[in-house]
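> got a predicted structure here, sequence first:
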Amino acid sequence: MGEKNDVVLRTFRALVEGADRKFARVRDVPAYGHVTSQQYFHKVFKAYTKLWKYQQDHRSELVDSGLHRWEIGEIASRIGQLYFGQYMRTSEARFLVEAYVFYEAILNRRYFEGSKGFGKDLGVRFKELRFYARFLLVSLILNRTEMVKGLTDLFKALVDESKACFRETNFKEWRQVVQEIVRFMKVDTAFMNVRPLRYCAMFDSHQASLPYVARFHAKKVLKFRDALLTSYHRNEVKFAELTLDTFRMLQCLEWEPSGSFYQKQLVESNGNCVSTDHSGASGLIDINLAADMTDPTLPPNPRKAILYRPSVTHLIAVMATICEELPPDSVMLVYLSASGNAGHSNNVSQMEGFQKSSKYKVSSQFSQEQSSSMSESSSNDRGESTGYYDSYLWFGSRGNSVSNNLYPGDIIPFTRRPLFLIIDSDNSHAFKAGLSKLLYDLIGYSRVVLHGAERGEAAALLLSPMRPAFKNLSDVDISKNGSQFTFFLTAPLPAFCQMVGLHSSDINADVYNDAENILSTAFSEWEVILCTSTSVNIVWAQVLNDPFIRRLILRFIFCRSVLSFFCLPEDSDQYVPVCLPHLPSSISPKSEVVRSSVLRLAKHFSVADCFHFNDT
């Protein structure tokens with residue numbers, strides 16, 4: 001019997017080593033571009049499937065030979081990590097759900113709990129901490145809010161215990177991870193339980209406009225299949241390598257997995273984020289559960305490359321890779337959120353926000369600071385005043401190196417293919433054409449911008465305001481609340497409430513739901529106008545068939561109209577977003593169909609006094 005157990009154990013160890021070697025080869029493969037060794041991923045999954053089945057079939061012999069439960073948990077954690085990696089590479093929801101299934105099973109079966117008494121093994125403790133951090137990220141992306149709250153409490157308790165048990169080890173980084181998730185949840189939970197950020201037919205398909213959308217056909221129709229998302233701000237809210245803004249945009253460009261809110265009820269909770277396992281099989285994890293949790297009728301999600309604090313050269317390289325592999329008749333969406341210069345963080349201070357006095361004027365102190373900032377940014381490193389060197393986004397942690405600057409001209413080579421560009425920055429005006437195609441300054445530099453200088457395909461641009469606008473100064477700081485423009489594009493009604501100073505505790509659920517209906521009706525009307533307009537530019541017409549991009553355009557119209565009425569007309573250059581090419585005038589803020597919808601929403605929340613409906 002002992003000899004048989006030894007053989008089983010040796011076979012098991014060999015399978016572990018073989019699977020780990022294959023895992024190491026795919027772990028660091030970039031999560032963008034087509035992987036030439038895609039077939040190797042199947043080999044890794046096959047190796048871990050074989051390993052998992054072997055430990056299930058020989059569990060008693062392995063336990064008798066000294067196999068620890070945390071070792072089983074580590075295998076399951078690796079499988080979950082593989083699935084999550086595939087989700088990040090493909091954006092397929094089934095991989096995200098599979099990762100959740102494995103991580104939840106590890107938690108339910110308490111595979112790592114034995115590590116607490118395992119001779120105070122620091123290596124095992126780090127495995128357990130990494131498991132919690134990864135499970136938190138998966139749960140966060142899947143919008144399992146209650147699970148995230150429970151995991152956060154368990155994770156914090158584990159970090160505190162680790163500090164007490166391993167006094168010679170510094171757990172500062174793990175304490176920072178705890179702080180990150182607490183900060184993230186504090187920002188993102190307001191209004192977030194009302195409806196998902198993902199595209200949900202229940203909320204985002206407007207029945208009245210569906211016939212017009214179905215009949216709409218441009219001369220050229222582009223398919224949206226690839227996106228690049230990145231944000232780079234000082235002290236921005238983030239968890240792991242997912243910032244709040246990229247998280248919101250990531251979710252906005254996906255289908256809700258089950259077409260509505262997904263809540264899996266496979267096990268019964270015991271009230272401490274640990275569920276009671278009724279499977280009756282120790283170690284059994286059903287890898288086919290995802291089939292019951294996703295809607296096979298939904299189209300595939302567009303692939304998304306999410307870059308965390310990239311260098312400019314890395315960002316351009318990824319754009320080049322995606323652009324090179326872009327299928328024919330497809331459009332690439334690029335979302336860039338960054339500050340306008342190294343000396344001025346986009347974590348806007350309270351004095352730099354939209355402050356309304358009794359006459360709704362921007363504070364004079366802000367005007368002075370803004371003028372100073374603009375004059376500083378109009379000089380390059382050599383002290384020369386030019387129209388070129390103040391036109392960039394800043395991707396750097398410190399210093400004022402030109403190597404950290406992304407200029408509009410850097411994007412021009414990629415306009416050989418269709419491009420849908422969202423710029424969220426206090427320097428977004430750098431991408432506007434204006435007079436930029438002329439020789440701009442006196443010393444011979446040509447002001448380089450994107451719109452009007454494309455090399456093949458006219459780009460669609462959504463450009464944020466230069467400054468956010470809020471009723472309450474406490475809501476201004478992007479390091480606490482994320483970007484206002486991105487919030488409007490991904491969650492328009494919560495963004496509206498935040499702008500006028502309304503909090504979830506201030507609003508009755510029925511009142512909020514009625515507001516959702518008002519906004520949905522407005523979007524439906526605007527959708528009909530877009531799909532029946534004879535003046536809509538081909539740049540917009542060729543992407544209107546895509547539900548994700550169409551929803552972004554409708555939300556941009558809402559954002560632009562709200563901010564147009566919220567600020568004074570003379571301040572619109574700073575506080576109102578811009579789209580290029582221009583959308584039809586029939587859906588401009590001054591049009592009655594748009595103005596009446598915003599007015600109705602403002603009156604519904606009793607905040608009409610915050611707006612200037614009679615000044616336009």
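Great, that's in hand. Residues are numbered from 1 along each chain as shown.
> centre of the chain to stretch 62-71, how far?
Its chain's average C-alpha position is 40 Å from that of stretch 62-71, according to CA atoms, centre = their mean, to the nearest Å.
> could you do stretch 75-88 as well?
Counting by CA atoms, centre = their mean, stretch 75-88 comes out at 20 Å from the chain centroid.
> do stretch 194-207 as well
17 Å.
> any buried residues in it, and which?
194, 195, 196, 197, 198, 199, 200, 203, 204, 206 (16 or more other CB atoms under 10 Å). Every residue, glycine included, has its C-beta placed from N, CA and C.
> and stretch 123-133, by the same measure?
Those would be 124, 125, 126, 127, 128, 129, 131, 132, 133, for stretch 123-133 by 16+ other CB under 10 Å.
> coming back round to it: what is the nearest of the buried residues of stretch 194-207 to residue 592?
residue 206 (19.5 Å; CB to CB).
> my guess is that closest one contacts residue 522, does it?
No - assessed by CB atoms under 8 Å, residue 206 is found out of contact with residue 522, at 9.6 Å.
> about what we covered before: now the buried residues of stretch 123-133 as a markdown table including secondary structure?
Below are the buried residues of stretch 123-133 laid out as a markdown table (DSSP: H, G, I helix; E, B strand; the rest coil):
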| residue | secondary structure |
| --- | --- |
| 124 | helix |
| 125 | helix |
| 126 | helix |
| 127 | helix |
| 128 | helix |
| 129 | helix |
| 131 | helix |
| 132 | helix |
| 133 | helix |
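> just send those residues back as a markdown table, with pLDDT and distance to residue 113 too.
Output for the buried residues of stretch 123-133, formatted as a markdown table (pLDDT from 0 to 100; distance: CB to CB, whole Å):
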| residue | pLDDT | distance to residue 113 |
| --- | --- | --- |
| 124 | 91 | 11 |
| 125 | 92 | 12 |
| 126 | 93 | 15 |
| 127 | 93 | 13 |
| 128 | 94 | 9 |
| 129 | 96 | 13 |
| 131 | 97 | 11 |
| 132 | 97 | 12 |
| 133 | 97 | 17 |
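> which other helices and strands does the lengthiest helix in the chain contact?
The single longest helix within the chain, with elements called by DSSP state H, is helix 2-27. Helix 2-27 sits against helix 38-57, helix 59-64, helix 69-90, with contacts defined as 3 or more CB pairs under 8 Å, 6 or more residues apart in numbering; DSSP states H and E.
> so where's the stretch 1-150 of the chain shaky on pLDDT?
Applying pLDDT under 70 to the stretch 1-150 of the chain picks out residues 1, 33-39, 114-120.
> just the terminal-to-terminal distance for stretch 298-310.
32 Å (CA to CA, to the nearest Å).
> list of residues touching that stretch?
Residues outside stretch 298-310 that contact it (CB atoms under 8 Å, 6 or more residues apart in numbering) are 31-33, 88-93, 224-230, 232, 238, 241-243, 246, 250, 253-255, 257, 259, 314-315, 318, 322, 333, 395, 397, 548.
> give the buried residues for stretch 537-556.
Here stretch 537-556 shows 537, 539-556 as buried, counting by 16+ other CB under 10 Å.
> mind checking which of those residues are in helices?
539-541, 547-556.
> which one among these gets closest to residue 9?
Looking across those and measuring by CB to CB, the closest to residue 9 is residue 548, at 51.0 Å.
> who touches that closest one in this structure?
Applying CB under 8 Å, 6+ apart, the residues contacting residue 548 are 199, 224, 252, 253, 302.
> residue 405 versus residue 317, what's the distance?
16 Å (CB to CB, to the nearest Å).
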